[in-house]
Every structure is written in C-alpha cells, then in structure tokens.
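Asks: Next come a sequence and a model predicted from it.
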Amino acid sequence: MKGAEIMDKIYRALRVMEKGEEYKRSIVERQVEDLPEGELLIKVRYSSLNYKDALSCVGNKGVTRQYPHTPGIDAAGVVEASEDAAFQEGDEVIVTGYDLGMNTDGGFGEYIRVPAEWAVKRPEGLTLKESMMIGTAGFTATLSVHKLLLTVKKEDGEVLVTGGSGGVATIAAKILAKLGYQVVVSTGKVSTQKDPLMKLGIKDVISREEVEDTRGKPMLKSRWAGVIDTVGGNTLASVLKTVSYNGVVTTCGNVGGDRFESSVYPFILRGITLYGIDSVQCPRDHRVKIWNNLSGSWKPENLPAMTSTVSLEELDQKVTEMLEGKHAGRVVLQHRD
Ligand SMILES: NC(=O)c1ccc[n+]([C@@H]2O[C@H](COP(=O)([O-])OP(=O)(O)OC[C@H]3O[C@@H](n4cnc5c(N)ncnc54)[C@H](OP(=O)(O)O)[C@@H]3O)[C@@H](O)[C@H]2O)c1
C-alpha cells in the first residue's frame, strides 16, 4: 500500500475524552495520519485489558497526562509499514510496555504507530491472540516468577500469590504450578473463584482476610517460602511479616494501595528479599527472553479458559467491571478483520 493511501485510512478506537472533571469513553473514527510518529505502523489484531488501562480510562493522570487518548498498553498485530530494516511489511509483532497506551495511542485502536524498538517479533509457539491472552499481565507474572526462582526452590515450602483472580496472579500461579511449586492463592472472591482457581493445578485457595494482618505486629509466624504480591498496600505489608527465613517477596501492583508500612525486622531477622517488578522499561534482550519463555516451556496451558474475548463495543463494560474489582482472569480485545 502506498504512503498517502495508508495515511488516509480510517480506523476505529475506544477514545477517552476529558470533559471538565469527567472522563467519557466512546468508539470514534480516527485517521492513521493522526497517530504519533514512529517507524512501525501496525494493524492491531488483538489487545488486552490491564488494570493500568482501566485507570487510563477514568483519567488517572499518573498513567495518562493528556486527553483525548486511546488506551491499550498491549497490542499484537501485523506490520503494515516499516521504516526500520529489522521489520518487514507482514511481520507479526507484539508491543507491550514503554509508553504504549499511556501517552501514546494504544491497542484499543485498530492501528498504532510506534518506535521499532518497542516491538518484538511474535515468537514461534504463540499465536497473536495467545500473546494477548498473556499480555502485560502475563509478562509481569513471568518477570515476578523469574525473580522468585533466583532464591526459592520447590522443596522450600508453599508459595503465596495474592490478588488471585486477577490477570497477573492467575498466570503467575499457573506458571509456578507448572514448574512444580506448591502454590496457594489468596482472593477476595473465594465463593466464586475457588473452583476455577483450583483448576490451575494449585494446592489451595484462601481468603484475602487470612493474609491481611490487622494487628500491626512487626513480625508474624513464618508461613511462605515466597510471595508474588500483585496487590500492594496492607497486603504487601502483611506478607513481608510472614515470609520464612531467606524468603522472597515480589511486588508489582497497587490495587490495594500504593503505600505500605513495614519495619526492618523481617529483613534483618529473617534475611528476606523484596524485589520490585517493572514491565514497562524492561530491557529489550530480557523482554525477548521472557516472551521466549512464555512461548516455550513456561507457556500456560488452558489460556482460553482464563480469558474472555470481547469486541470494541463490549470492552467498555469490562473496564467498569475491572474498576469495581468484579472481573476475573484475562480480557482480550479482538478487533474487526
Ligand atoms: N509493575 C508492572 O510492571 C505491572 C505490570 C502489570 C500490572 N501491574 C499492576 O499489578 C496489579 C495487578 O494487575 P492485574 O492486571 O492482574 O489487575 P487485575 O486483573 O485487576 O487483578 C487485580 C486483583 O487484585 C485483587 N484486588 C482488587 N482490588 C483489591 C483491593 N482493594 N484489595 C485487595 N485486593 C484487591 C482482585 O483479586 P481478588 O478479588 O481475587 O483478590 C483483583 O482481581 C495492578 O496494580 C497493576 O497495575 C504492574
């Protein structure tokens, strides 16, 4: 397709508009030439819904500073035009992280234009749709599991994953179970999510309350060899007190709050380690390695069972459910052909 023809193309996007103090989202038609500069023009086949997208949809300025804006921190699609020799027209690519969907128009539009540096070629062993079933949530889960495995061995004891029904937690639990770890998942939705979560091959599902400490003691009885915490806030503060000697906690999320109170005691009396996890600026070579893991021996089975697939029209409702903490598993956005 010729340059001018591409620029004139009309596409659809879920757009967020700022109206005074309110943020409204609707499906609008846009033109490819409206997209930001970048070496790769990509026709997006699939995107996925992450908590950060939900925040971008409601005007969280920590995620998106300028509106109107098209969210979508994940995108998988086909290169339609490339100014970088590393990519050809027709290449299937995955873009996650960097500024996509934050202040650069993201995967909730049928086209994106991004720097070539942001794209990874779809690895053998994953379809474009599967890559979005995994998405940033699965990528972050894998980064977290990598860190945990630096220290925690299968025989060390049980590993806890918090925020159990969420995207990051579900995939982290699945990978750990696949690697032979004894995984316990905590959730605020035991009554509805226990059965689906047990199908991940984990050892047990416990309630959110069982994990949360309300007494404020500096240390509690050791219980976990390691913890993948996706919640933050008091959940993170609580698990730091219950990790065993030399145990590891990873932290990636803030759904339960961005502040936590702790003390030096778990660190200086139990020698524990707290790792921060960042998927956004993850260096490119590590990014490729993580996607290769996810397409190979760590690939979670039953991805479709953890995922609901929606159209652009159906996405809005899923955003609301995520903000209300009512959703479970992963949501994939499938654009029109
Ligand atoms: N650092 C990074 O690079 C990175 C990348 C991706 C995601 N994240 C962050 O990781 C977190 C999880 O992401 P996600 O995509 O898995 O989100 P998600 O699908 O919305 O899952 C979050 C889960 O946390 C639990 N939860 C929600 N509100 C809570 C509250 N107030 N207190 C305690 N638990 C609560 C819920 O699970 P239950 O009801 O089952 O308990 C919910 O399903 C988010 O904060 C996200 O921003 C960070």
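Replies: Yep, that arrived. Just so we're clear, the structure is a prediction, and the values are computed from it rather than from any experiment.
Asks: mind checking which helix or strand the most centrally placed residue in the chain is in?
Replies: Centrality entry for the chain: nearest residue to the mean C-alpha point is residue 137, 1.9 Å, by C-alpha atoms, centre = their mean. When elements are assigned from DSSP states H and E, residue 137 belongs to helix 128-149.
Asks: Tell me where the model's unsure across the protein.
Replies: Counting by pLDDT under 70, the ranges of the chain that qualify are 1-2.
Asks: Find the nearest non-adjacent residue to the residue nearest to the centre of the chain, please.
Replies: Leaving out its chain neighbours, the residue that sits closest to residue 137 by C-beta to C-beta, 6 or more residues apart in numbering is residue 167, at 3.2 Å. Placement of C-beta: from N, CA and C, glycine included.
Asks: Then residue 89?
Replies: For residue 89, the closest residue by C-beta to C-beta, 6+ apart turns out to be residue 79, at 5.7 Å.
Asks: Make sure that neighbour is indeed in a helix.
Replies: No: read with DSSP: H, G, I helix; E, B strand; the rest coil, residue 79 is strand and lies in no helix.
Asks: picking up where we left off before, the residue nearest to the centre of the chain and residue 171 touch, don't they?
Replies: Yes: if you go by C-beta atoms under 8 Å, residue 137 and residue 171 touch, sitting 6.2 Å apart.
Asks: Mutual contacts of these two, please.
Replies: Shared contacts of residue 137 and residue 171, defined by C-beta atoms under 8 Å, 6 or more residues apart in numbering, comprise residue 330.
Asks: Return the distance of the residue nearest to the centre of the chain relative to residue 230.
Replies: Spatial separation of residue 137 from residue 230 under the definition C-beta to C-beta, to the nearest Å is 9 Å.
Asks: Pull up the overlap in contacts between those two.
Replies: 166, 168.
Asks: Show me the beta-bridge partners of the nearest residue to residue 135 once chain neighbours are set aside.
Replies: Beyond its immediate neighbours in the sequence, the residue positioned closest to residue 135 (C-beta to C-beta, 6+ apart) is residue 48, lying 3.7 Å away. Residues found in beta-bridge contact with residue 48 (criterion: DSSP bridges) are residue 332.
Asks: Could you chop the protein up by domain?
Replies: Following the assignment in automatic domain parsing, the chain carries domains at 3-122+303-334, 136-276.
Asks: Run the contact check for the longest one versus the ligand.
Replies: Yes: counting by C-beta under 6 Å from any ligand atom, the ligand has neighbours in domain 3-122+303-334: 50-52, 322, 325.
Asks: Take those and keep only those in helices.
Replies: Judged by DSSP state H, helices contain the following of those: 51-52, 322.
Asks: TSV for those, including neighbour count?
Replies: Compiled in TSV, those are given as follows (neighbours: other C-beta atoms under 10 Å):
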residue	neighbour count
51	23
52	25
322	21
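Asks: Could you provide the residues you listed in a markdown table, with additional columns for distance to residue 311?
Replies: Listed next are these as a markdown table, based on distance: C-beta to C-beta, whole Å:
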| residue | distance to residue 311 |
| --- | --- |
| 51 | 21 |
| 52 | 21 |
| 322 | 17 |
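Asks: Now flag whichever of those residues is closest to residue 225.
Replies: For residue 225, the nearest member of these is residue 51. The distance, counting by C-beta to C-beta, is 26.7 Å.
Asks: I'd guessed that closest one sits against residue 253; true?
Replies: Yes: when contacts are counted by C-beta under 8 Å, residue 51 is listed as touching residue 253 (7.2 Å).
Asks: Please enumerate the strands of the stretch 51-200 of the chain.
Replies: Assigned strands in the stretch 51-200 of the chain, in chain order: 74-82, 92-96, 111-114, 119-121, 159-161, 183-187 (criterion: DSSP state E, counting those that start in this stretch).
Asks: Comparing those strands, which comes out most buried?
Replies: Of the strands of the stretch 51-200 of the chain, the one with the most neighbours on average (mean count of other C-beta atoms under 10 Å) is strand 159-161, at a mean of 29.
Asks: can you count the residues close to the closest residue to the ligand within the stretch 201-337 of the chain?
Replies: Across the stretch 201-337 of the chain, the shortest distance to the ligand (C-beta to the nearest ligand atom) belongs to residue 253, at 2.5 Å. Other residues near residue 253 come to 26 when the count uses other C-beta atoms under 10 Å.
Asks: residue contacts, the residue nearest to it when sequence neighbours are not counted?
Replies: Nearest residue to residue 253, sequence neighbours excluded (C-beta to C-beta, 6+ apart): residue 230, at 4.2 Å. Listed by C-beta under 8 Å, 6+ apart, the contact set of residue 230 reads 161-163, 166, 168-169, 172, 252-253, 255.
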